[in-house]
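> Predicted model, plus sequence, below.
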Amino acid sequence: MMMVLSMAGLLAGPPTEEVNTTGLAVTDDTVTVGQLHSATGTMAISETGSIQAEQLAIDQINAMGGVLGRQIEVIKEDGASDWPTFAEKAKKLLVSDKVGTVFGCWTSASRKAVLPVFEKENGMLYYPTFYEGLEQSKNVIYTGQEATQQIIAGLDWIAEEKDAKTFYLIGSDYIWPRTSNKIARKHIENVLGGKVVGEEYYALGHTQFGSLINKIKLKKPDVIYAIVVGGSNVSFYKQLKAAGITSEKQTLLTISVTEDEVLGIGGENLVGFYSAMKYFQSLDNENNKAFVAAFKEKYGEDAVIGDVTQAAYLGPWLWKAAVEKAGSFDIDKIAEVSPDIELTTAPEGYVKIHPNHHLWSKLRIGQWGEDGQAEVLYESELIEPDPFPEGYQ
Amino acid sequence: MGDYTAEELQSIFIMQGFSGLSLFSVLLLMGLGLALIFGQMGVINMAHGEFMALGAYTVYLCSNITEQFFPAFTPYYFVITILVAFVVCGLLGAFVEWLLIRHLYHRPLDTLLATWGLSLILQQTYRSIFGAREVSPRLPDWLMGSFTYGDVDIPINGVFVLGLSVIVTGSLVYFIYKSRFGLKLRSTVQNRSMSGAVGINTVKVDRLAFALGCGIAGIAGAAFTTIGSTGPDSGSRYIVDAFLVVVSGGAASLLGTVGSAFGIAQAQSILEFFLEGTKGKVATLLVIVVVLMIRPQGLFPSKVRSH
C-alpha cells in the first residue's frame, strides 16, 4: 500500500500551490479547461469540427499522462451562434468555473464579444479560425492564420502561375471578407500591378447569383477571388457551374472553402478551383497521417478535416507546451512563455508562436478534386504573422 | 459600358433577362403555398420555410437511397422525388392542421405563435436527424449544365425551376378556380357557416387546403436543391422572401403573388446588376416599402368582401 502511494506521489506533478497561484480550477490530479463554441444555431455547421478536434487533442494528452501530472477536464459551453451568449458564457467559465484557459470561438464577431471578458478576467483564449487580423491581445493565442498570411502568398502564386492581371473580388457582407478583400486589392494594385475589375458583397445566406455571374461574364477577369461563406457558398458554386463557368474556362481562388465546406458544396461543383489555406486533409506527412487516422477512428470514416479543425487541434497542444515550459497553470506565466513555443508534431508541420501571439505558418494552394479532397500544388516558406500590416490598411 | 461589343451586350441582356425570370420562379414557388394558406385560410404559417426545408431533405434522402441501392436510376430519380416531397410535406401539413391549426382558426395571431413554435421544433428535429451541417443531394448531370448559343449560357436548373413553377401555378389556379374542391374552398373562405349549412364538409376542406399549401412548399424546397444547400435553418431564410412576396402582392390573391414575385425578381435582378449585391438588395427592399406605403393592401388586393 505504501509502495502504491509513493508511486502515485512520484508520478504526480508538482504540488498544486506551486502551479496554481491564482485560484484556478486545478486540483492535485486534475486541471479544468473550458470549451466555448456554437453547438447549436447557424454556426454549428462550422464549429462542430473545432469542438471535435479540441476534444481529440485533450483525450490524447490525457492518455499521455495529462499536463504537469494532471488529467484535463473540460467544461463545455454552447455559445449558440449568438454573440452576447458567447460573452456571458465566457464570463461564467472564467469567473464561476475558474478555468483560466478556454478553447473556443469561430467567428470574429464571437471573438470580439468575448475579448473584453478575457482581458478583464485575465483568461487565455485559443482561437482557431483564420481571420482578418487587426487584433492582438495578451489573452488570446491565434492558432489560425491572419489575413496577410493567407492572402498575399496565394495571390503571388496565382499571379505568377496563371499570369493573372485582372481580378474580380467577391465576398459575403461582413468584416472578414471586406477586410481581406481590402488587403487583396492593395496587394493586387500596388505590388502585383494588376487590376481589380469588380468588388462586391452579398448578404449572408444570399442564394441568387445570376446577376453577379453575368457581370463576371461581361468583365472576363483572369481570376475570381471569392470569400463567400456559409450556405451562400453552395448556391454560388452550383450556379457558377450551371452557367458554364468551370475551371476549364476560369481560374478561381478562394480563401473560404475548406474540406468542411466542400461537404456541402459537393466536390463535383468545385473541380479544378483553388483554395489558399495553411492545411489540407490530404497533406502528405507523418504527423498528418496519424492525426487523420485518429480523427476518423474517433468520429467515423466519413469525417472530414478542414483548415480550422486542424488549427483547433493545435490549441490544447500549444497550451500544454506553454504550461510545461512555465511550470504553472497561471495565465500570466502562460502568456509570458508562449512566444517562441514550437510544435514539431502539428499536422500542418512545424509551427511557432510569434511574440504577437499568432503562429508562424506556411501557406498552401490546394486544387479541389471530385472526391472533395484537395491536391496540394504549392507550399510557401514559413510566413511571419503580421496582424497590423503596413500599407494594407 | 463602352468597351463591349454589341453582341456581348446583347447576350448579357438575354442572360440577365433570364436571371430575372429564374429569380421570379424561385420567389413564386416560395410564395404560392404561403399565399394559399395565408390568403385563403387566414392562417399565418411561420413554419412555411421548414416545410420547404423538409421537401429539400426529402430529396436529399431519396438521392442517398438512389445512389446506394439503385445507382442506375440516378438520372431520373429527381423528377419522382419532387412528387415524394409533395406527398411527405402534404401529409405532415394535414397532421399539423389536425393537431394544431384547427383549434386556432378564429385566432390568426395565435396561429402565428403556434406555427412559429412548430418551426422551432422542426428546425431542432432536422438538426438532430441530419446534423447541423448543410447538405445537398447529388443532382443528375443533365440538370447541371447549360444550354449554350454563342455567348449565351442559359442554366438548365433555372429552366427546370421555371418550368416547374409554371406547372405548379397552373395546376393550383385550375384547382382553385375550376375544380369542385376549389369551389368548396372558395365558398368556405367567404362564409364558413353558410358553406357548412349547404353541406360542405368545411373541416375536410380546411385540412386539404392546408395540406396542399404545405405540399407546394415541399415542391419548392425540392426545387431549391438545384440552386442551394439545405441546413436546419434554411427555412428561416426562405420565410422572409416568401412573406415579402405574399404581402406585397396582396395577401388573398394568387394573381397578386405572381405579380409581386415578378416585380420583386426583376427589380432585384436589375438593381444587382447595376449596383452591387448588398446595395441591390437594399434598393429592392426600399421599392417594396414605398409600394406598401402607397398601397397598404398590396399590389393586387383581393376584391372579395372580407369576412
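The structure has been received and is ready for your questions. Numbers count the residues shown, from 1 in each chain, chains lettered A, B, ... in the order given.
> Need the pLDDT of the residue nearest to A:H206 when sequence neighbours are not counted.
Nearest residue to A:H206 in three dimensions, chain neighbours excluded: A:S232, at 5.0 Å (CB to CB, 6 or more residues apart in numbering or on different chains). Every C-beta, even on glycine, is put in place using the N, C-alpha and C of the backbone. Looking at A:S232, its pLDDT is 82.
> Ok, A:L11 next?
pLDDT, A:L11: 53.
> for A:K195, same thing?
So, for A:K195, pLDDT stands at 93.
> Just to check, it is in contact with A:Y168?
No. Here A:K195 does not reach A:Y168: they are 10.2 Å apart, not a contact under CB atoms under 8 Å.
> Could you check how far B:S119 is from B:M46?
Distance of B:S119 to B:M46, given as CB to CB, to the nearest Å: 5 Å.
> what touches both of these two?
Common contact partners of B:S119 and B:M46 (CB atoms under 8 Å, 6 or more residues apart in numbering or on different chains): B:I239.
> show me where the stretch 51-200 of chain B has strands.
Ranges of strands in the stretch 51-200 of chain B, per DSSP state E, counting those that start in this stretch, are B:146-149, B:152-155.
> Out of those, which one sits most buried?
Highest mean neighbour count of these: strand B:152-155, a mean of 22 (counted as mean count of other CB atoms under 10 Å in any protein chain shown).
> now it: how far from the chain's centre is it?
On the basis of CA atoms, centre = their mean, to the nearest Å, strand B:152-155 sits 24 Å off its chain's mean C-alpha point.
> Return the nearest residue of the stretch 1-150 of chain A with respect to chain B.
Using CB to the nearest CB, A:A44 is the residue of the stretch 1-150 of chain A that sits closest to chain B, at 3.5 Å.
> so who does that residue touch?
With contact taken as CB under 8 Å, 6+ apart, A:A44 is in contact with A:S38, A:S81, B:R127, B:A132.
> rerun that using 7 Å as the cut-off
If you count contacts by CB atoms under 7 Å, 6 or more residues apart in numbering or on different chains, A:A44 has them with A:S38, A:S81, B:A132.
> can you check A:V117 too?
A:A87, A:A90, A:K91, A:L94.
> For it, which three-state class applies?
Reduced to three states with DSSP: H, G, I helix; E, B strand; the rest coil, the structure at A:V117 is helix.
> how near is A:N139 to A:H357?
The gap separating A:N139 from A:H357 is 9 Å, by CB to CB.
> How about B:G158: what's its closest non-neighbour residue?
Closest to B:G158 by CB to CB, 6+ apart is B:S22, at 3.8 Å.
> Where does chain A get nearest to chain B, residue-wise?
Closest contact between chain A and chain B, by CB to the nearest CB, is at A:G210 (2.9 Å).
> check contacts around that residue.
A:Q239, B:S19, B:S22, B:L23, B:S269.
> go again using 10 Å as the cut-off
Taking CB atoms under 10 Å, 6 or more residues apart in numbering or on different chains, we find A:G210 in contact with A:239, A:242-243, B:15-16, B:18-23, B:26, B:155, B:158, B:227, B:265, B:268-269, B:272-273.
> Now, those that are in helices?
Among the contacts of A:G210, DSSP state H puts A:239, A:242, B:15-16, B:18-23, B:26, B:158, B:265, B:268-269, B:272-273 in helices.
> Need the three-state assignment for the residue nearest to A:H206.
Assigned by three-state DSSP, the conformation of A:S232 is helix.
> Start and end of stretch B:126-142, how far apart?
29 Å (CA to CA, to the nearest Å).
> how about that stretch: buried residues?
By 16 or more other CB atoms under 10 Å in any protein chain shown, the buried positions in stretch B:126-142 come out as B:Y126, B:R127, B:F130, B:A132, B:R133, B:E134, B:V135, B:S136, B:P137, B:R138, B:L139, B:P140.
> thinking again about what came up before, now do the shared contacts for A:N139 and A:H357.
Jointly contacting A:N139 and A:H357 under the rule CB under 10 Å, 6+ apart are A:M124, A:A335.
> overlap in contacts of A:K195 and A:Y168?
Common neighbours of A:K195 and A:Y168, using CB under 10 Å, 6+ apart, are A:P221, A:D222.
> So these two - more neighbours on which side?
In this view A:K195 and A:Y168 are compared by other CB atoms under 10 Å in any protein chain shown, and A:Y168 has more residues nearby, 22 against 12.
> Now flag whichever of the contacts of A:V117 is closest to B:S248.
B:S248 lies nearest to A:A87 out of those, by CB to CB, at 37.9 Å.
> Helix or strand next in line after the helix or strand hosting that closest one, which one?
Assigned by DSSP states H and E, A:A87 belongs to helix A:83-91. Using DSSP H and E, the helix or strand that directly follows helix A:83-91 along the chain is strand A:101-104.
> How about stretch A:170-180, which residues are buried there?
A:I170, A:G171, A:S172, A:D173, A:Y174, A:W176, A:P177, A:R178, A:T179, A:S180.
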